[in-house]
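Colleague: Sequence and predicted structure below; questions after.
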Amino acid sequence: MTTSNASSTLSSTFYLTGIPGYEEFHHWISIPFCLLYLVGITGNCTILHVIRTDPRLHEPMYYFLAMLSLTDIGMSLPPMITLFRVLWSISREIQFNICVVQMFVIHTFSLTESSVLLAMALDRYVAICHPLRYATILTPKLIIKIGVAALLRSAISLIPVMVRLAFFTFCHSHVLSHSYCLHQDIIQLACADTKFNVIYGLVFIILLWGLDALGILVSYAFIFHSVLRISSHEGRLKALNTCASHICAVLILYVPMIGLSLVHRFAKHSSPLVHIFMAHIYLMVPPVLNPIIYSVKTKQIRQAVLQLLLRPTISSVGI
């Protein structure tokens, strides 16, 4: 492909899709979406605020939780912007270069969240299996390195397929099947040979997501082995309870991600509503549910959030 063709591809326009067949209800459909996004953004910002301001939460476990909230925000903001532009009939158009940036951010933070969940599993392993060495192993410097490594690993891994997209021609429809850009969606519109992107995407999922999942499983195998050696029934329950929130966070990320991948690869001819439904679950469920789960299941977070919410009431009573 020539340089001029690459330039024309980068400047070409694509069209986003809302909910097919329900265009007249888009304004009403936007209401639950808006509420869910507000819950997700507010919840994650609250988690970040209480961790930053409460000295009792300046521990490795909560630093990793702050990373999880940051990745949730990073994963949900880009699609939120274009979703409401479509549902509120502002514009369906998106330039190809902006589309590539959006999908790069979405996929980067999605993979980073998987890496953060692996780091949180290792945190639980050290806390339960090596409690006396917990503070010396998971130092603030190491936690920062883990966070930076997770983000760089995700971003660098995506660069080959993102660069490859710039050299595709799109001679078929320029209408995307979602209200935001996903790699699986846009390569279906290309007229060029997409084998590299398809194979790379499959290897990418198996190696990176698969290794993260394997690391989480191995960590929990050691955790359960260590828990079973605790003589007290209450002690075993207490140890397992510290893992409950993390296990829920793993499930609400991996189950929709696996479902979306299966739908894109093996159910291409299913109803467009199925693809749209799965894509929104994949991007909306983790940011909405993670803060709720950790606020309910983690005593320290719950107390800090309640203290934050009740502070204005207490101050007004004092006045």
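Modeller: Sure, I can see it.

Colleague: Now do the helices in the stretch 151-300 of the chain.
Modeller: With DSSP state H, counting those that start in this stretch as the criterion, the stretch 151-300 of the chain has helices at 183-186, 195-204, 210-228, 233-266, 272-297, 299-318.

Colleague: ok, residue 39 - contacts?
Modeller: residue 288 (CB atoms under 8 Å, 6 or more residues apart in numbering). C-beta: built from backbone N, CA, C; applies to glycine.

Colleague: now the one 4 residues further on
Modeller: Listed by CB under 8 Å, 6+ apart, the contact set of residue 43 reads 287, 288, 290, 291, 292, 295.

Colleague: related to what we said a few turns ago, in CSV: the helices of the stretch 151-300 of the chain, plus mean pLDDT and distance to residue 14.
Modeller: Listed next are the helices of the stretch 151-300 of the chain as CSV, based on pLDDT from 0 to 100; distance: least, CB to CB, whole Å:
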stretch, mean pLDDT, distance to residue 14
helix 183-186, 81, 8
helix 195-204, 82, 17
helix 210-228, 91, 31
helix 233-266, 83, 18
helix 272-297, 85, 16
helix 299-318, 70, 41
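
Colleague: Nearest to residue 32, out of these?
Modeller: Closest of these to residue 32 is helix 272-297, at 10.2 Å (criterion: CB to CB).

Colleague: Next, the angle from that closest one to helix 233-266.
Modeller: 160 degrees (axes from the mean of the first three to the mean of the last three CA atoms, to 10 degrees).

Colleague: Which residue comes closest to the residue nearest to the spatial centre of the chain once chain neighbours are left out?
Modeller: Nearest residue to the geometric centre of the chain (CA atoms, centre = their mean): residue 110, 3.9 Å. Leaving aside its sequence neighbours, residue 110 sits nearest to residue 75 (CB to CB, 6 or more residues apart in numbering; 5.5 Å).

Colleague: ok, back up a step: in what helix or strand does the residue nearest to the centre of the chain lie?
Modeller: helix 96-129 (DSSP states H and E).

Colleague: buried sites along that helix?
Modeller: 96, 98-100, 102-129 (16 or more other CB atoms under 10 Å).

Colleague: what's the answer for stretch 169-180, then?
Modeller: 170, 176, 177, 178, 179, 180.

Colleague: In contact with the residue nearest to residue 110, which residues are there?
Modeller: Residue 75 neighbours (CB under 8 Å, 6+ apart): 106, 109, 110, 113, 283, 286, 287.

Colleague: Out of those, which comes closest to residue 252?
Modeller: Of the contacts of residue 75, the one sitting nearest to residue 252 (CB to CB) turns out to be residue 286, at 5.3 Å.

Colleague: list the contacts for that closest one?
Modeller: Taking CB under 8 Å, 6+ apart as the test, what residue 286 contacts is 72, 75, 113, 249, 252, 253, 256.

Colleague: re earlier: could you report the pLDDT at the residue nearest to the centre of the chain?
Modeller: Residue 110 carries a pLDDT score of 90 in this model.

Colleague: ok, now residue 47?
Modeller: At residue 47, pLDDT is 93.

Colleague: If we ignore the residues flanking it in sequence, what's nearest it?
Modeller: Residue 47 sits nearest to residue 69 (CB to CB, 6+ apart), 4.6 Å away.

Colleague: Burial check on the one you found, number of neighbours?
Modeller: Neighbour count for residue 69, taken as other CB atoms under 10 Å: 24.

Colleague: Compute the first-to-last residue distance for stretch 82-96.
Modeller: 13 Å (CA to CA, to the nearest Å).

Colleague: So what's the model's average confidence on it?
Modeller: pLDDT averaged over stretch 82-96 gives 87.

Colleague: now do stretch 32-39
Modeller: 90.

Colleague: And for residue 175, nearest residue in space, chain neighbours not counted?
Modeller: Using CB to CB, 6+ apart, the closest residue to residue 175 is residue 15 (4.7 Å).
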